[in-house]
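J.: okay, predicted coordinates and the sequence, questions at the end:
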Amino acid sequence: MKPVSAANSVEKGKNLMEQQTGTMRTVFAVGAVSLAAMLSALTAIGQTSTPAASARLTIDAGNIVSPVSPMLYGMMTEEINHAFDGGLYAEMLNNRTFRPSWQGIEHWDLVRRGHADAAMEVDHANGPSQALPYSVKLAVKDASAGNEAGICNSGFWGIPLKGHTTYHGSFYAKTSDDSVGPVRVRLIHDSTGAVVAEATVALHAGAWSQYQYTLTTGPTAASTDNHLELTVAHPGTVWMQLASLMPPTFHGRANGNRPDLMEKMAGLHPTFLRLPGGNYLEGDTLRDWYNWKETVGPLVGRPGHQAPWTYWSTDGLGLLEFLEWCEDLKIEPLLAVYAGYSLRGQHVTPGKDLEPYVQSALDEVEYVTGDTSTRWGAQRAKDGHPAPFPLHYIEIGNEDWFDKSGSYDARFGQFAKALHRQYPQYKLIATAQVKEKDRDEQPDVIDDHYYKPWGDMLDFTHHYDDAPRNGPKIFIGEWATLSGGPTPNFGGALADAAWMTSMERNSDLIIMAAYAPLLVNVNPGASQWGTNLIGYDAAKSYASPSYWAQSLFAGHLGDGIPKSAIQGAGPRFYYSATVDSRQHMLHLKMVNAGDKAQSLTIEIAGMHSAGSTAKINSLHAATYEATNTLANPDGIHPVESTVKIGGTTWTHAIPGLTIEVIDIPLH
């Protein structure tokens, strides 16, 4: 995807026609599309309950025509919409490294209680590390008990607290005179001023040190209306840096992730995570590329970097945390390496200039997969994870079809040769079509991206049906129906499901796919992209209708595609069928994106029982615009039921605006 910001010239809704994989495709930039006008003609056709003409669907469950890719459904993520800082990454303090701006030190305010007299400023020459060579300087002229001075932070649109919960905090500090301390740490309710939890941290004079504390709440009501204060009650000067406050995390990982968002991702039944993701890999300029070596090791050694969606990334969620994210969900990483092109059009000249970036990619793969006898495998062990991670695919760059210099062929070739030489076991993914070259310079997979409005996505479902099968495989690395915001409406879910039937039908060619963007903080000012899969604020999260469509499809995926055909179906009816040979189950997925019921006669060959009970998971809404929100998170969700199948031929009607996944026993 491309940012819509001053950093680049891609406009909202602009059609980007690109020649790729032998076809022309339209890539739509960010923007939510209302279905009201688009569907007015459809709605005017008639609002009766009369079903569409009956169709006949035949499936030969014993005749498998092609395999289903076992890695078909995965996830793609990047730092957009406060997906990491202010989202998945559990850190509760905003701007924890006190980065200054023209507005001062954003998200930090000066505290002066009673007659206290103090000032704060950024000291650019005093910090705890080379990565963080600056700090906030708190100069206290007058303070006493009850008249404290200090600093406070309100988090990412609030600090969420729950009763009877322990929070772990820390900060780096330096003072020449420890009489300025101790530091009083308090969590305070914004409206009432009630102290929800507090701790005292003694300071010692001398060099920079890290100080840790715990805060445990009592029987308080859950709330996001809280802030953190760090204050002292004596005159003096103290420097602070890298302040942190962490809640309980998924699997209890230190420096870990929000449990609710991790649980929702687990509910998508993914097989991989494309990381570090899209534009986040490239950066706006060459200096902003994702330099993974600056994202590993102690947090105090991570400088952070400018992300392409207008805000700073702390890199608290660095490469190792990405890999542990995969480990916690029992999925594997799909590693993207920076290939020398950035969003504003700058590129590194292939040859000698590109060599340091190629070496960085080789080192990164070693960090992910090397044993502890290797340099970077040993570094990973030092960082706390001795065991290597699984890896099968390496992606070289991101959306390099935007590189107008024509340098990607040579850049890809230089990376591919080096990677194939050192790591011949891995498949390589190109992000643009690569002209014919030596075998070592050819990709195994091409990454295609599609963002389309509702009608166009429905019309796109046959795009790969007749595509050649003798070239690279296809990875749909980013895709979404742009309908609804900040998360999809049900029209978007219907079109997404229709597109997934196409990917399943063609999964001998399309081996992996990932909806994007995955995450969005729904607070005003937090989002940069219109339609996103999972929404949340500081305390709560919800699944969109498209999330449930993804979950149903990925959770009912077989290993073979049986021969099938349909006749007489309406123009907005879509289906796919897969067979699970281990469970002897037929997964039949049907999408009725029209507003009238679709009658079906379903004939299944290869069933070995005279009658059986099939399980139906149904997703339905009354209108295309219906959706889920934080206030109404379960308005649209799967409903489970059963149906008796009397024999190999049976009739079934699918209501309008409905997605159904039917599990039919074959034995």
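T.: The structure has been received and is ready for your questions.
J.: distance check, the nearest residue to Gly558 once chain neighbours are set aside against Ala387.
T.: With sequence-adjacent residues excluded and distances taken as CB to CB, 6 or more residues apart in numbering, Gly558 is closest to Thr578, at 3.4 Å. Just so you know, the C-beta spots here come from the backbone N, C-alpha and C atoms, and that holds for glycine as well. Thr578 is 33 Å from Ala387, where distance means CB to CB, to the nearest Å.
J.: go on, Lys174?
T.: For Lys174, the distance to Ala387 (CB to CB) stands at 37 Å.
J.: could you do Leu161 as well?
T.: Taking CB to CB as the measure, Leu161 and Ala387 are separated by 35 Å.
J.: look at the two and report which has more neighbours.
T.: Neighbours of Leu161 and Ala387, each counted by other CB atoms under 10 Å, are more numerous for Leu161; the result is 25 against 10.
J.: so what's the more buried one up against?
T.: Leu161 is in contact with Tyr167, Leu187, Val196, Ala197, Thr217, Thr220, Ala222, Ser223, Thr224, Asn226, counting by CB atoms under 8 Å, 6 or more residues apart in numbering.
J.: now the two most distant members of these.
T.: In those, two members sit farther apart than any others by CB to CB. They are Ala197 and Thr224, at 15.0 Å.
J.: if we can go back for a sec, now do the SS call for the residue nearest to Gly558.
T.: For Thr578, the reduced secondary structure class is strand; criterion used: DSSP: H, G, I helix; E, B strand; the rest coil.
J.: residues contacting it?
T.: Neighbours of Thr578 in contact, by CB under 8 Å, 6+ apart: Val68, Glu504, Leu557, Gly558, Asp559, Gly560, Ile561, Pro562, Leu586, His587.
J.: in helices, which of the residues you listed fall?
T.: Cross-referencing those against helices under DSSP state H gives Glu504.
J.: regarding the chain, what is its longest strand?
T.: Taking residue count as the measure and DSSP state E as the definition, the longest strand of the chain comes out as strand 52-67.
J.: quickly run through the sheet partners of that strand, with directions.
T.: strand 560-567 (antiparallel), strand 598-605 (parallel) (DSSP bridges).
J.: and the contacts of the last one?
T.: Same thing as strand 598-605. Under the criterion CB under 8 Å, 6+ apart, external residues in contact with strand 598-605 comprise 51-63, 569-570, 573, 586, 588, 590, 592, 648-654, 656, 664.
J.: then the first one?
T.: Strand 560-567 is touched from outside by 55-68, 504-505, 507-508, 573, 575-579, 581, 586, 606, with contacts defined as CB under 8 Å, 6+ apart.
J.: report the distance from it to the chain centre.
T.: Once both centres are worked out by CA atoms, centre = their mean, to the nearest Å, strand 560-567 turns out to sit 33 Å from its chain's centre.
J.: kindly report the same for the last one.
T.: Shown here is strand 598-605, whose average C-alpha point lies 38 Å from the average C-alpha point of the whole chain (CA atoms, centre = their mean).
J.: stretch 173-188 too?
T.: Taking CA atoms, centre = their mean, the mean C-alpha location of stretch 173-188 is offset from the chain mean by 38 Å.
J.: how about low-confidence regions in the stretch 51-200 of the chain?
T.: Scanning the stretch 51-200 of the chain with the threshold set as pLDDT under 70 gives 51-52.
J.: didn't Ala266 look like it was pressed against Trp325?
T.: No - no contact is recorded between Ala266 and Trp325 when judged using CB atoms under 8 Å, the distance being 11.0 Å.
J.: number of nearby residues for the closest residue to Gly635 other than its chain neighbours?
T.: Nearest non-adjacent residue to Gly635, counting by CB to CB, 6+ apart: Asn628, 5.1 Å away. By the measure other CB under 10 Å, the count of residues near Asn628 is 26.
J.: just name the most buried of the strands paired with strand 52-67.
T.: Relative to the other members of the strands paired with strand 52-67, strand 598-605 carries the highest mean neighbour count by mean count of other CB atoms under 10 Å, namely a mean of 20.
J.: contacts for the strand or helix carrying His227, please.
T.: Element membership for His227, per DSSP states H and E: strand 226-232. Taking contacts as CB under 8 Å, 6+ apart, the residues outside strand 226-232 that touch it are 92-93, 111, 113, 138, 140, 143, 148-155, 158-161, 169, 171, 180-190, 196, 238, 240, 243, 245.
J.: now a ChimeraX select for only the buried ones of the residues you listed.
T.: Applied in ChimeraX, the following selects the buried portion of those according to 16 or more other CB atoms under 10 Å:
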select :92,93,111,113,138,140,143,148,149,150,151,152,153,154,155,158,159,160,161,169,171,180,181,182,183,184,185,186,187,188,189,196,238,240,243,245
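J.: show me the shaky parts of the stretch 351-500 of the chain.
T.: Low-confidence segments of the stretch 351-500 of the chain (pLDDT under 70): 436.
J.: ranges for the strands of it?
T.: Listed in chain order, the strands of the stretch 351-500 of the chain (DSSP state E, counting those that start in this stretch) span residues 393-396, 427-430, 445-452, 473-481.
J.: before we move on, what about the stretch 551-667 of the chain?
T.: With DSSP E, counting those that start in this stretch as the definition, the stretch 551-667 of the chain shows strands at residue ranges 560-567, 573-580, 585-592, 598-605, 612-620, 639-645, 649-654, 658-665.
J.: please enumerate the helices of the stretch 351-500 of the chain.
T.: Counting by DSSP state H, counting those that start in this stretch, the stretch 351-500 of the chain has these helices, from start to end: 355-369, 375-382, 408-422, 454-459, 490-505.
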